[in-house]
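Give me a model of this one.
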Amino acid sequence: MKSLLISIYIFAVVLVCTSPVAAQNQSMGIFEGKTDVGDIINQGSVIFNPESKTYLIAGSGQNMWFAKDAFHFVWKKSSGDISIASGINFTDSLGNNHKKAGVMIRESLDEDSPYIDAVIHGDGLTSMQFREVKGGPTREIQSMVKGPKKIKIQKEGGVIFMSVGSDNETLNPSGGSFKIKFKEPFYIGLFVCAHEKNDLKKALFSDVEISNIAKADKGEKVVESTIETISIESKDRKAKYVSDNNLEGVFWSADNDHLIFTEQGQLFSIPLNGGKPQLVNTGLKGHGGGNGYSPDKKLMAFTGYSEDHQPKVYIKPVDGGEPKALTQNSPSWWHSWSPDGSTLLFVGKRNDNYDIFSIPANGGSEIRLTTNPGIDDGPEYSADGKYIYFNSDRSGRNQIWRMKSDGSSPEQITFDKYDNWYPHVSPDGKWIVFLTYEKNFKGHPQYEDVMLRLMPSAGGEIDVLAKLLGGQGTFDINSWASDSKNLSFVSYRIKHK
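Now for the predicted structure:
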């Protein structure tokens, strides 16, 4: 009887060790499972090399976009703050340019699950993709770096950001971040999508590392700023410049080939398609975030600092000459030109009250347009010059208002639970984009959870363009491109040294 029990035990051990589940777990290194997610015709696979610790993954699937995905996923379950990094190389250059390989954190294995990933496409395009809610649309933040050798996503306190590297050793922030909430445990791993339903593509993953992140309770805080652009149609974001300095007040050059911004009190210009920032010499000692071109592009207006270090409104010819102070009183912060270029709008603090003023471009006295005892800010002319849009707390919290250009007939046009600031009108006059704080704040602080929201200029349904860490400096001045299809803004991330 005893020998029979031993024989049964040995048989059971052999059966377990040679079962498909056991064999699968032994062949996948640090991962627990592999799954074809979504509508798949050609079954995916993974080959783990224990000596080189590489993963050769084959994946099919038509796409990873819109409201559902199809791809092959090699995964393990995890929770908390975490990162995953890997070197990635497609095994050949054939197939669809939009084939994808990358690292992913995903709430479930459903095809429409919330997820985030860092992905390299067949043509080298590199981006963070994310679906915030189950069945929702997919959005992305594109990196400036094309075809990196290594890629990483990090989930820290609900904030997601990506790093990329030109080699397998050095990783640098790619710029841009977003916030997302996942149910735990979630799935973390590697994936391949052929972007062709009937195709099967392979990628080799090397130096794969999954790391839990300890909470950074101590250490000096550092602000990382990213200049980004966004399409109002697709809502896709593109990182253009990343800095450990505080950036603010970004706007487009006259030819739309450059982005101009304030960094450490000076104006800089950077090519839209990448490059090094160049100093823009305005003849002023310092700048606030308010700067912009006249309608004919011959003059620039500035919020500049004079000898007494108080902000005033200046104008200066684009092709040279000295800056001229328009406002005698300070503090004064520039915001908008009239469509005919004859008048400028600014916000002035007078007797501890913030109100909206106008002043002739050729000089003259300031004209007070509002007298609200609270805050009136962010004034901007409508495209036809008949109205001025602005934000005001006169109804209890900051909402978007508009009034006639002489300051008469004010009317509220947003009515919601948020605080809304800085309405900016598109050049074609059809749209307004404004900054929204998700929580109620007094004033407009930096480094808070905010949204950029879009609405028709006459009022109507409001759509969320982007969620980000931002506030003061993100969207203070008109940041529309001349095509009325794209915007620029500044997002932030707080990190510890």
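
If I look at the spatially most central residue of the chain, what pLDDT would I see?
What sits nearest the mean C-alpha location of the chain, by Cα atoms, centre = their mean, is Gly176, with 4.3 Å. Turning to Gly176, the model gives it a pLDDT of 95.

Quick check: it touching Ile160?
No: the pair Gly176 / Ile160 is not scored as a contact, 9.6 Å apart, by Cβ atoms under 8 Å. Just so you know, the C-beta spots here come from the backbone N, C-alpha and C atoms, and that holds for glycine as well.

How about the contacts made by the residue nearest to Ile359 when sequence neighbours are not counted?
Leaving aside its sequence neighbours, Ile359 sits nearest to Glu366 (Cβ to Cβ, 6 or more residues apart in numbering; 4.8 Å). In this structure, Glu366 makes contact with 327-329, 332, 346, 348, 357-359, judged by Cβ atoms under 8 Å, 6 or more residues apart in numbering.

One more pass at 10 Å, please.
Shown in contact with Glu366 (Cβ atoms under 10 Å, 6 or more residues apart in numbering): 313, 326-329, 332, 344, 346, 348, 350, 357-360.

Also Gly470?
Contacts for Gly470 (Cβ under 10 Å, 6+ apart) come out as 225, 248, 435, 437, 446-452, 489-492.

from those, which ones fall inside strands?
Among the contacts of Gly470, the ones falling in strands (DSSP state E) are 225, 248, 435, 437, 448-452, 489-492.

can I get those in TSV with neighbour count and distance to Thr371?
Shown next, in TSV, are the ones in strands among the contacts of Gly470 (neighbours: other Cβ atoms under 10 Å; distance: Cβ to Cβ, whole Å):
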residue	neighbour count	distance to Thr371
Ser225	23	36
Glu248	25	29
Leu435	27	24
Tyr437	21	25
Glu448	17	29
Asp449	16	32
Val450	30	28
Met451	18	30
Leu452	27	30
Phe489	25	31
Val490	28	32
Ser491	27	35
Tyr492	22	34
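
Tell me, please, where in the stretch 101-250 of the chain the pLDDT is lower than the cut-off.
Applying pLDDT under 70 to the stretch 101-250 of the chain flags residues 168, 215-219.

In it, mark out all the strands, start to finish.
Using DSSP state E, counting those that start in this stretch, the strands found in the stretch 101-250 of the chain span residues 115-121, 126-131, 138-142, 150-156, 159-165, 172-179, 186-193, 201-212, 221-231, 237-243, 247-252.

burial count for Asp352?
For Asp352, the count of nearby residues is 6 (other Cβ atoms under 10 Å).

Distance check, it against Pro331.
Distance of Asp352 to Pro331, given as Cβ to Cβ, to the nearest Å: 11 Å.

Can you tell me which of the contacts of Glu366 are buried?
Listed as buried from the contacts of Glu366 are 313, 326-327, 332, 344, 346, 348, 357-359; burial here means 16 or more other Cβ atoms under 10 Å.

Could you list which of those residues belong to strands?
Among these, the ones falling in strands (DSSP E) are 313, 332, 344, 346, 348, 357-359.
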